[in-house]
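*Asks:* Give me a 3D structure for the following:
(chains A and B, ligands or ions: 3)
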Amino acid sequence: MKIVIIGNSVAGINAVEAVREKDKISEIKVISDEQTRAYSHPLLPNFVVGDVSRAEERFYYRERNFYEKHNVKTLLGRRAVKIFPKNKYVELDNEEKVDYDKLLIACGGKPFVPSMKGVELNGVHTLTNIKAADKLKADLPNIEHCVVVGGGLIGSKIAEKLAKKGVKVTLVELMRRVLFPVLDDAGADYVHKELKNLGVKLVLEDSVVELKGDKRVKEVVLSSGKTIKANSVIVAVGVRPNLDFVADSDIEVNKGIIVNDYMQTNIDTIFAAGDVVEAYDIVISQKRPIPILPLAARQGRVAGLNIIDSNVKYKGGFPTNSITIGNISFISMGIVDSDEFEVLKIKKDGEYRKFLIHDDKLIGAILVGNIEKAGMFNWMIQNRFDVSWIKDTFLNSDFGWKYFNKAFRVLRLDRKIK
Amino acid sequence: MKIVKINEDNCIYCHLCEVACVVEHSQSKDIIKAFKREEKPTARCGVEFNYPLSLSVMCRHCDDAPCMEACQNGAMHRDDRGYVVVNEDKCVGCWMCVMACPYGVIKRDTRRDVWGLSTKCDSCPDRDVPACVEACPNNALMFEEI
Ligand SMILES: Cc1cc2nc3c(=O)[nH]c(=O)nc-3n(C[C@H](O)[C@H](O)[C@H](O)COP(=O)(O)OP(=O)(O)OC[C@H]3O[C@@H](n4cnc5c(N)ncnc54)[C@H](O)[C@@H]3O)c2cc1C
Ligand code: SF4
Ligand code: SF4
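*Replies:* Residues are numbered from 1 along each chain as shown, chains lettered A, B, ... in the order given. Ligands and ions are numbered 1, 2, ... in the order given. A predicted model of the protein is given here:
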């Protein structure tokens, strides 16, 4: 069998590993428009400020000999431009045709850049791949004042890193707090304080409408009419599924490529996984893109297993995020800010805990400071665990196995219930 | 594959498993040095107490390990023996593994300069029987096929 994978990153690599667990024979080709071996996207902000470089193993997602070890042919520096599902081949930017029996689309996301005047000026950046990171890094010595547009995960991270390096940073966020979907007001308050302590200026409930300058950006105009003198802008308002080259194929898309429980598209021989898809969110009970690394890995694995007909279902996922800003670590999962559900929360010394419960099931949580048991809550959400009898212990800082009922605890710890 | 089986009925909250784990993961593997002279490692097992119950919990070395799936750079990986371990030179302390571990057994070490270090049971690569199991006076921890 000929397996072709478009995208040499989290979803693609996990698919390769899954296939090779059982199938050592099929031909696997991985196509990517990037030249590098798979690297860690979450480390890009660190890469920009020089905490980590291409010379360090830490920067990469898998070891150098991964492709050899897994008997994978790589076509790097080549962009897939069109898929021909009837004749089962992919056309590359150099007009080469790559035949497949099974195809996996794992081409990730791309930065969403809102329409504003002046985005083409020098000094304007995004930060979703190594090419953008290289460009920003090269520009770093010229940057005196940087406006970061968007206080999501990437925006907050790069604002923090740049401020630590002594760059003057203003973070502009449309909503009333940073990390809007991931935290609530109380949680975001910690982030605001940490960012301010590092010298980041926060502008909330405002947005950027125009960038002014001759060749290089000089000034940023906000919708409130305020202006900020800045010679650099980083646009980080979000990522969208990268649908560029599937747009005019017969593959069904909505916000992302639509997949079934087997990570299969409407075309039998074509699978999709990772940031490019919209898969099932078990907390809100509908399909939507959730561009996070753990889900890209799981979906890639499920797709790989089904490519070799293992008949494994993707059980659905939900957003989970782990963020450290300044000296405080946060973990958030599921739905975190809503009045419609039962809410348990407590704020104490250096710690904030919040849980959302619906129909006796945990549907979301925020942990700030004391995060080490977070995964136990993750399990409860994923498995729709009945929490009615244990939820009273959730707010205890020493939450752990000791609060579970014995029979259940023993079964879990003996790995009899997964 | 053998992992540490937890027999909570026999646990008396003596913490000897934690002591043995610290010594095993210290530079010198000498108890006095480990506790008093060197940088003390974090115990990979953790004893919980809720009278009359107590138990020591550590990594279950899952088949489809969620911690590995969540790791951003492969620092969390399966070694040649089949156990799930952290590559200390790679770990960046992002705590995505902490967020994913369904057993809550990954601890955070924040003593390194730039990068945090995720710390968990490695099933003692230098030993036949893990240190905690050997140290437990009551067979509350046993090394068994699960
Ligand atoms: C700065 C940053 C920080 C992040 N931090 C976190 C975090 O803390 N936690 C978290 O969970 N997630 C984080 N993410 C998201 C995480 O990196 C993604 O969810 C994950 O990388 C998705 O993996 P993927 O394999 O689906 O796609 P990607 O990693 O986006 O990889 C897609 C690959 O396909 C290639 N490609 C695209 N189009 C084509 C084409 N037409 N032809 C050939 N190749 C193509 C791309 O070049 C790329 O190599 C972060 C992302 C960024 C950018
Ligand atoms: S650390 Fe947690 S998730 Fe990872 S193998 Fe151990 S028990 Fe499983
Ligand atoms: S803390 Fe270390 S081992 Fe855990 S997910 Fe992050 S890099 Fe991987």
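*Asks:* Now B:Ala100: phi and psi?
*Replies:* Backbone torsions for B:Ala100, taken as degrees, to the nearest 10, come to phi -100, psi -30.
*Asks:* Please see if the one helix or strand A:Leu162 maps to touches ligand 1.
*Replies:* With secondary structure defined by DSSP states H and E, A:Leu162 is part of helix A:153-164. Yes. Judged by C-beta under 6 Å from any ligand atom, helix A:153-164 comes into contact with ligand 1 at A:Leu153, A:Ile154. Any C-beta I mention is one placed from the backbone N, CA and C, and that applies to glycine too.
*Asks:* Mind listing what's buried along that helix?
*Replies:* By 16 or more other C-beta atoms under 10 Å in any protein chain shown, the buried positions in helix A:153-164 come out as A:Leu153, A:Ile154, A:Gly155, A:Ser156, A:Lys157, A:Ile158, A:Ala159, A:Glu160, A:Lys161, A:Leu162, A:Ala163.
*Asks:* likewise stretch A:109-123?
*Replies:* Across stretch A:109-123, burial judged by 16+ other C-beta under 10 Å covers A:Gly109, A:Lys110, A:Pro111, A:Met116, A:Gly118, A:Val119, A:Leu121, A:Gly123.
*Asks:* B:Cys11 against B:Asn138, yeah?
*Replies:* Yes. Using C-beta atoms under 8 Å, B:Cys11 is in contact with B:Asn138, at 7.1 Å.
*Asks:* Which residue of those two possesses the greater neighbour count?
*Replies:* Legend: neighbour count by other C-beta atoms under 10 Å in any protein chain shown for B:Cys11 and B:Asn138, higher for B:Cys11 (21 against 12).
*Asks:* burial count for the nearest residue to that one once chain neighbours are set aside?
*Replies:* Spatially, and ignoring its direct neighbours in sequence, B:Cys11 is nearest to B:Ala140 (4.0 Å; C-beta to C-beta, 6 or more residues apart in numbering or on different chains). Look at B:Ala140: counted by other C-beta under 10 Å, it has 24 neighbours.
*Asks:* Same question for A:Ile258.
*Replies:* By other C-beta under 10 Å, the residues close to A:Ile258 number 17.
*Asks:* what's the distance between it and A:Asp398?
*Replies:* 44 Å (C-beta to C-beta, to the nearest Å).
*Asks:* Check which helices and strands the lengthiest helix in chain B is in contact with.
*Replies:* Secondary structure of chain B per DSSP state H: the longest helix is helix B:16-24. Where contact means 3 or more C-beta pairs under 8 Å, 6 or more residues apart in numbering or on different chains; DSSP states H and E, helix B:16-24 is packed against strand B:46-50, helix B:131-135.
*Asks:* With distance to ligand 2 as new columns, can the ones you listed be given to me in a markdown table?
*Replies:* Formatted as a markdown table, the helices and strands packed on helix B:16-24 follow (distance: least, C-beta to the nearest ligand atom, whole Å):
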| stretch | distance to ligand 2 |
| --- | --- |
| strand B:46-50 | 12 |
| helix B:131-135 | 15 |
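*Asks:* How about the contacts made by the closest residue in space to B:Cys136 that isn't next to it in sequence?
*Replies:* Spatial nearest neighbour of B:Cys136, excluding adjacent residues (C-beta to C-beta, 6+ apart): B:Cys17 at 5.6 Å. Applying C-beta atoms under 8 Å, 6 or more residues apart in numbering or on different chains to B:Cys17 gives the contacts B:Ala43, B:Cys45, B:Val47, B:Ser56, B:Ala131, B:Cys132, B:Val133, B:Ala135, B:Cys136, B:Leu141.
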